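1. make a model of this:
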Amino acid sequence: MTCGISCVDKTLNKSFYHLGICIAKHPGYFVIIPVMITLLCMTGYQQLKYQIDPEYLFSPINGEGKAERAIVEQYFKVNYTHRFNVGRITRPGRFGRVIVIPKDGDENMLRREIFMELRQLDNLIQNATTTYDGDTFSYKDNCARWENECFENDILNLDALMDDIESGQLNLTFPIMFNPVTWDTHALPVFFGGTKLTEDNYIISVPAIQLVYFVTADTKRQDAKGAEWEETFLRVVGKAENSGMFKHISVSYFASRTLDNELEKNTKTVVPYFSSTFLLMGLFSIITCMMGDAVRSKPWLGLMGNVSAIMATLAAFGLAMYCGIEFIGINLAAPFLMIGIGIDDTFVMLAGWRRTPAKMPVHERMAHMMSEAAVSITITSVTDFISFLIGIISPFRSVKIFCTYSVFAVCFTFLWHITFFAACMAISGYRERKNLHAIFGCKVKPMSVAIKEKRNFLYKAIMAGGIDHNDPDNPVDNKDHMFMAFFKDKLAAVINNKWCKILIILAFATYLAGACYGVTQIKEGLERRKLSREDSYSVEFFDREDDYYREFPYRMQVIISSPHNYSDPWVQEQMENLTRTLEHTSYVTSSLYTESWLRTFLSFVDRNNDFLNTSIDDEPAFIEAVKEHWLFPGNPFSLDVRFNEEETQIIASRFLIQAVNITDTNHEKEMVRDLRKICKDSPLNASIFHPYFVFFDQFELVRPVSLQAMVIGAIIMMIISFIFIPNILCSLWVAFSVISIELGVAGYMALWDVNLDSISMINLIMCIGFSVDFTAHICYTYMSSKKRSPKARVREALHSLGLPIVQGSSSTILGIIALLLAQSYIFLVFFKMVFLVIFFGAMHGLFLLPVLLSLFGPGSWLTWTGRDDGSDEDVDDSVDDMKRAHVLEKPFSQSYYMQYPSMGHNGPYAYGSKGFLGAPYKAYGVDEKDQGLGISGEDSSESSSSRSQRRQQLAAGVAVPPEEGVAQMRRRYEDGWRRSSYQNINRLDAHEQQHRSSASYDNYDRDMQRAAATRRNSHGDVIDVHTPTPSSSLDERMRRQYQLAINGHGSGSGDDSSYHHRRDPEAASPGPLASSSTTKRYHRRRSSEDSTRYHHQRWPANIEERRARRAYSPGAPSYTQAHSYSETAAIAASNARRSSSHHNLYQGKATTQSHAPPTYQYGDY
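-> Numbering: from 1, shown residues only. The predicted model follows:
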């Protein structure tokens, strides 16, 4: 299953190994240089370009709405100063709007007291003065004008008729009403909202009235003056409303600057939470990096992890500003995310440090820590980098800018952690080497020494720590962490239960069903009200607009942007067909609301042809007639026809239609798509436009762009995981998890009231990278395990990664908790979606993936057949591996020669072997436990504390069940042989190699039995040779598999007792001893604990006699054959001790006695 793309893994390990050595030898440079670079980059904040324009940020860069607006402005540019018409604007411009409803609960606004206060409000707005650049002006001085008259809300002229209206003598007709007093034509849908009508279209009641005020914006100076007037408008109306000036009306207000101001407020609301978030994260890091050991505790390193992330983010943002990249308020969410990412890397690096033996020099520990953390932090940083890089190609500038800043921040966070933070770890390592207190810096005693010296409780509680260099393997100083034991013993037991597996799978199916339902409920588009804070004045305005003005929301322009001969009946027919087709859609109201210059002109000519005495049959006559009789300056239709320079041809024209009953964003998206299709199908080169279509384009693009980014991201994440973890099954599980998590995030965000818009698209893209972190590591650990049992693999994976997953997820959620308090939709979306992806990722890593891997991963047949007993036995080597091992290993008649670790590549404390794919993952020869909070890398499922307890029980004479003792002894011994002998034996003399390759198996077996006949232990006592000793379990298994491979009999049952029955009787009898002239004695290395405390331990002198009596007792006729191994192992376990680091063998001194047989010394087992 492993593919051959492991060069990346090996290159990273080697590079980071040397980097770790360099940092350890020169930590000061790696602290000072990042600090100086950070300060230098921070000078880029002087180049800050702050952008708050909503259209610039949240509309597509090359959307159709912008192209349509360019066409309209090319032919029909708005003139605010002299020729302003509100239905024909192309940009929002500078304006102020108010929506007024009654305070007393009466839904009818057509009352005298209401109109009196409306007049009072209108006078207040028009008379408010504003100062800009020394120029003081009011609304009437700067208003948009039609034919030199200010744009006014003529609906207020109904106050002259209010007595007749209230008494019922005058009925208002909808939608057009002629004022008999002022002779005004009132377009009532523009002003009245939520109007209730009779069947004859007479108005019954009006719940809301809207007033609009436009100011000039033709030049930059006019636009700036208009912006200042808007500020005055908002201030004056807000003060009047909040002070209770009006007794009968309630006013909500809005201006074109409102969204800009709200975006700026969103930025300001999150800034105060920076300090509290940093304090919270610092406290969390300090607590989670502490442990009971006062020396190996790392509280200040947890704090420096936060400092490193903050420095990296500041430097990244400064460099981005130097590059001229605009800054937006959404970028302020990035520091919270970067702190979470940085703390995750901190935990990984601290876990790698704790997995290194404490006896190593600091530079060696740094080298191994950096080498092991290389893949973990690199794959996390690369996936985050790629996901943000995908966002840079988004068509939305808000997404591009945020992802650009995040790309810089991810890169700097990675670089600062492998330099600045690594240097801080090296400094802490030198402190730990000197056994200095982690907080106070004073020299302290190890716990074992403190106990021996009978120190008081307070000293042992807060001061004792570190290891005794005279007794580094003392279990008192090497305690396992209780939370890691919980994941291994408790949670793994729950997950390995078959009923719990069924429950987890059912819960996952329910999760997927809910996600799929949520996907069908997704709403697209960023609603304007969601850009405002919840307590903003604009929210009330948006709510009233949705409640009362959704019936006639948009006045749309249809532009014919090519020259046509409008006197041609075919052109007239095509124009009429296009108009009627649009009117007959469900999105457009009746022809009563349509403004078409051609339709009305042809109707005018047809009705008055007898009086006009003109012809429109040819183009010159048509143009002359339309200019003379219809397009005079006072007619708004004069704004809808564009002639060429000679005025001999119409090169562009337009007509207006009215949208009706558009309810929500999905309806808006469908309306724009269908109306554009109708215009594109027309042969007249038509297009349709409204100023808000620029924003509506996001509705059409956000779904395909998000889907495309998610698919591309999932594929890239699978490729990246395959490059770093070259296992195809692991890559498939990672891809499955990414898709599942993304589906869950997309579905449940819709159920959590989050629309699919440019803000949520940022998070969906970002979540691609976040979803890989937990799943990739859990798959990697499970697949790289050497355990045969899926249950054992689950235990090992959860023991290694259970606590780090909880730590990483908790730190990320804590890092974004401030976004929840900001009361801003934008930041609330960030919190919701990051919470979803972190929660779903953690649940996949802790529960779902272990279940699926145990059911469909390596060894899953044991789960399906019910043969999974959960044993910690490793996977048996194949027959080919045994053949290769026979070539490498010398005959068992001779003792093993183990190379001293100093001869290896990595120095005197080098790893025993490489793990999965050659990476130093779980590859330590000694002291492999993770003593603190982090990923454990030990191969053995047995902790140091549990081994210590068993040794104490054996020393006290507590009986150990034979089967348990045999299984534990055999597993420990074989694990030790596998790590030490299979990879570390590389010195064999030529004579022994030749002898091994040429000797027949039978001679080899007999020599082995003769050599073992007088085998002695480390204290000189003879060990029985007729019954296999604990050392022979692996030897016999290798001989058996080798013999089966030679004879072609298959693998056999693997039962030791059955092998004893098949052995040659002659081989079991002791033969003549080999000459001792070429014999060497080899000793297993002892720990200081074993060599001092159990120096006088001996094998019983009468062990053979007692074994013989039991073997030939009447009650056990087959005991010798079937259970001799168990008997011997139990005796060995009850009388011997072995340190946790007894996996390496060392060359002993050669005996000088010529008659001494070759022996193998156990040491204290």
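
2. C-alpha only now, for contacts and for neighbours.
-> OK.

3. phi, psi of the nearest residue in space to Asn661 that is not next to it in sequence?
-> Sequence neighbours aside, Glu551 is the residue nearest to Asn661 in space, at 4.3 Å (criterion: Cα to Cα, 6 or more residues apart in numbering). With angles defined as degrees, to the nearest 10, Glu551 shows backbone torsions of phi -70, psi -40.

4. residue contacts, Glu551?
-> Listed by Cα atoms under 8 Å, 6 or more residues apart in numbering, the contact partners of Glu551 are 194, 659-662.

5. let's go with 7 Å and repeat that
-> 660-662 (Cα atoms under 7 Å, 6 or more residues apart in numbering).

6. which SS state does Met556 fall under?
-> The local conformation at Met556, judged by DSSP: H, G, I helix; E, B strand; the rest coil, is strand.

7. what is the burial count for it?
-> Taking other Cα atoms under 10 Å as the criterion, the count of residues near Met556 is 22.

8. how far off centre is stretch 392-412?
-> Distance, stretch centre to chain centre, for stretch 392-412: 15 Å (Cα atoms, centre = their mean, to the nearest Å).

9. what residues of that stretch count as buried?
-> Of the residues in stretch 392-412, those buried under the neighbour-count criterion (16 or more other Cα atoms under 10 Å) are 392, 394-412.

10. how about the nearest residue to Thr173 once chain neighbours are set aside, phi and psi?
-> In space, not counting the residues next to it along the chain, Thr173 is nearest to Tyr202; the distance is 4.8 Å by Cα to Cα, 6+ apart. Tyr202 has phi and psi values of phi -90, psi 140 when expressed as degrees, to the nearest 10.

11. now swap in Asn201 and tell me
-> With angles defined as degrees, to the nearest 10, Asn201 shows backbone torsions of phi 70, psi 30.

12. list the contacts of it.
-> Residues 173-174 are the ones in contact with Asn201 under the rule Cα under 7 Å, 6+ apart.

13. look up how far Leu188 lies from it.
-> 12 Å (Cα to Cα, to the nearest Å).

14. same deal with Gly305?
-> Note on Gly305: its distance to Leu188, by Cα to Cα, is 64 Å.

15. ok, now Glu583?
-> Using Cα to Cα, one gets 20 Å for the distance from Glu583 to Leu188.

16. the more surrounded of the two?
-> Neighbours around Glu583 and Leu188, counted as other Cα under 10 Å, are more numerous at Glu583. The numbers are 20 against 17.

17. give me the common contacts of Asn201 and Leu188.
-> With contacts taken as Cα under 7 Å, 6+ apart, Asn201 and Leu188 have Phe174 as neighbours in common.

18. phi, psi of Asn613?
-> The main-chain torsion angles of Asn613 are listed as degrees, to the nearest 10 and equal phi 50, psi 50.

19. actually Lys49, not the one I wrote
-> In terms of degrees, to the nearest 10, the main-chain angles of Lys49 are phi -120, psi 100.

20. could you check what's spatially nearest to it, not counting adjacent residues?
-> For Lys49, the closest residue by Cα to Cα, 6+ apart turns out to be Glu326, at 5.0 Å.

21. got the contact list for that neighbour?
-> Under the criterion of Cα under 7 Å, 6+ apart, the neighbours of Glu326 are 49-51, 401.

22. do the same with Glu117
-> Applying Cα under 7 Å, 6+ apart to Glu117 gives the contacts Phe246.

23. and the pLDDT at it?
-> At Glu117 the predicted local distance difference test score is 93.

24. how far off centre is the helix or strand harbouring it?
-> Per DSSP states H and E: Glu117 is located in helix 112-127. If you compare the mean C-alpha spot of helix 112-127 with that of the full chain, they lie 54 Å apart, counting by Cα atoms, centre = their mean.

25. just the helices in the stretch 651-800 of the chain please.
-> Along the stretch 651-800 of the chain, counting by DSSP state H, counting those that start in this stretch, helices occupy 665-681, 693-724, 728-751, 758-784, 790-815.

26. distance from the chain centre to the fourth one, please.
-> Centre-to-centre, helix 758-784 and its host chain are 5 Å apart (Cα atoms, centre = their mean).

27. what helices and strands are in contact with it?
-> For helix 758-784, the packing partners by 3 or more Cα pairs under 7 Å, 6 or more residues apart in numbering; DSSP states H and E come out as helix 362-392, helix 693-724, helix 728-751, helix 790-815, helix 825-843.

28. quick one: mean pLDDT for that helix?
-> The average of the pLDDT scores along helix 758-784 is 82.

29. next, the angle from it to helix 825-843.
-> Note on geometry: by axes from the mean of the first three to the mean of the last three Cα atoms, to 10 degrees, helix 758-784 and helix 825-843 are set 10 degrees apart in direction.

30. next one: Leu319 from Lys454, what distance?
-> Distance, Leu319 to Lys454, by Cα to Cα: 57 Å.

31. residues near the residue nearest to Thr173, how many?
-> Quick note: Tyr202 (other Cα under 10 Å) scores 15 neighbours.

32. measure it to Phe115 for me?
-> Taking Cα to Cα as the measure, Tyr202 and Phe115 are separated by 20 Å.

33. now swap in Met463 and tell me
-> 80 Å.

34. which one of these two has more residues nearby?
-> Each of Met463 and Phe115 had its neighbours counted (other Cα under 10 Å), and the higher figure belongs to Met463 (25 against 21).

35. what's near enough to touch the more buried one?
-> The neighbourhood of Met463, defined by Cα under 7 Å, 6+ apart, consists of 294, 437, 444.

36. which residues sit in contact with the residue sitting nearest the centre point of the chain?
-> In the chain, the C-alpha nearest the mean C-alpha coordinate belongs to Phe770, at 1.7 Å (Cα atoms, centre = their mean). Applying Cα under 7 Å, 6+ apart, one finds that Phe770 lies in contact with Asp384.

37. give me that answer again for 8 Å
-> Residues near Phe770 by Cα under 8 Å, 6+ apart: 380, 383-384, 837-838.

38. same question for Leu39.
-> Applying Cα under 8 Å, 6+ apart, we find Leu39 in contact with Ala315.

39. that one and Asn435, how far apart?
-> Leu39 is 34 Å from Asn435, where distance means Cα to Cα.

40. what of Asp344?
-> Remark: distance between Asp344 and Asn435 (Cα to Cα) = 27 Å.

41. again, but for Phe831
-> Using Cα to Cα, one gets 42 Å for the distance from Phe831 to Asn435.

42. between these two, which one's more packed in?
-> In this comparison of Phe831 against Asn435, neighbours counted by other Cα under 10 Å, the higher total goes to Asn435 at 24 against 21.

43. what sits against the more buried one?
-> Under the criterion of Cα under 8 Å, 6+ apart, the contact partners of Asn435 comprise 295, 443-445, 465-467.

44. surely Ser706 meets Ile759?
-> No - using Cα atoms under 8 Å, Ser706 is not in contact with Ile759, being 11.0 Å away.

45. ok, for Met162, nearest residue in space, not its chain neighbours?
-> By the measure of Cα to Cα, 6+ apart, the closest residue to Met162 outside its immediate chain neighbours is Arg112, 5.9 Å from it.

46. so what's that neighbour scoring on pLDDT?
-> 92.

47. any figure for the gap between it and Asp163?
-> Arg112 is 7 Å from Asp163, by Cα to Cα.

48. please apply the same query to Val236.
-> Separation of Val236 from Asp163 (Cα to Cα): 30 Å.

49. what number of residues are in the vicinity of Gly391?
-> 30.

50. pretty sure it sits against Ile401.
-> No - the criterion here is Cα under 8 Å, and Gly391 misses it with Ile401 at 9.1 Å.
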